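Q: 3D model of this:
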Amino acid sequence: MKHDKKTHRLIASPKTVHTGFFDAALPPVITIESGDAVVMNSLMLMDGQLHCGMSLDELITARQFYVDRKLGPHTLTGPIFVQGSEPGDVLEIQIQKFILADCGVNYHFPGKLGIGGLPEDFPSGQIKAFHLDLEKMETIFAPGI
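A: Predicted structure coming up:
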């Protein structure tokens with residue numbers, strides 16, 4: 001039986017995101033039919049606390065909250081349940097459009113925190129914001145690069 005395909009909106013909020021873990025037991029935040037579309041947004045790491053212009057100290061404080069709770073930093077929107085799907089099913093997902101924010105952040109933590117990639121090789125931390133030109137789809141990494 002065919003159904004009229006619907007478009008659902010899933011807005012990232014404290015009720016629709018979880019941070020730092022995957023868990024199949026989480027209840028779905030929306031239920032859709034196969035073939036429906038979902039327009040959704042996401043937050044930057046650590047429940048959206050990561051933002052352009054934040055200092056390294058602010059980043060460390062924000063991240064420590066998750067480290068203390070043994071959680072990762074990734075903020076995940078969902079889960080979404082597809083009506084009629086069962087454990088073990090393979091679902092096809094097609095991303096029709098992806099819209100970037102106009103700013104991104106790259107960082108590494110001071111080595112003393114013992115988290116992140118190669119902490120022993122990077123004793124001091126760093127954070128850098130990249131402002132994106134969404135028309136040209138480019139950013140300036142550093143002058144001349």
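Q: Might one say that residue 108 is in contact with residue 117?
A: Yes - between residue 108 and residue 117 a contact is recorded at 7.0 Å, counting by CB atoms under 8 Å. In this view, the C-beta of every residue, glycine as well, is placed from N, C-alpha and C.
Q: out of the two, which sits in the busier spot?
A: residue 108 (20 against 8; other CB atoms under 10 Å).
Q: any idea how far residue 70 is from the more buried one?
A: 20 Å (CB to CB, to the nearest Å).
Q: for residue 3, same thing?
A: According to CB to CB, residue 3 and residue 70 sit 42 Å apart.
Q: cool, and residue 110?
A: From residue 110 to residue 70 the distance is 20 Å (CB to CB).
Q: Could you do residue 18 as well?
A: 14 Å.
Q: and these two? which has more neighbours close in?
A: Set residue 18 next to residue 70 and count neighbours by other CB under 10 Å: residue 18 wins out with 18 against 8.
Q: wait, what's in contact with residue 110?
A: 56, 60, 119, 122, 123, 124, 125 (CB atoms under 8 Å, 6 or more residues apart in numbering).
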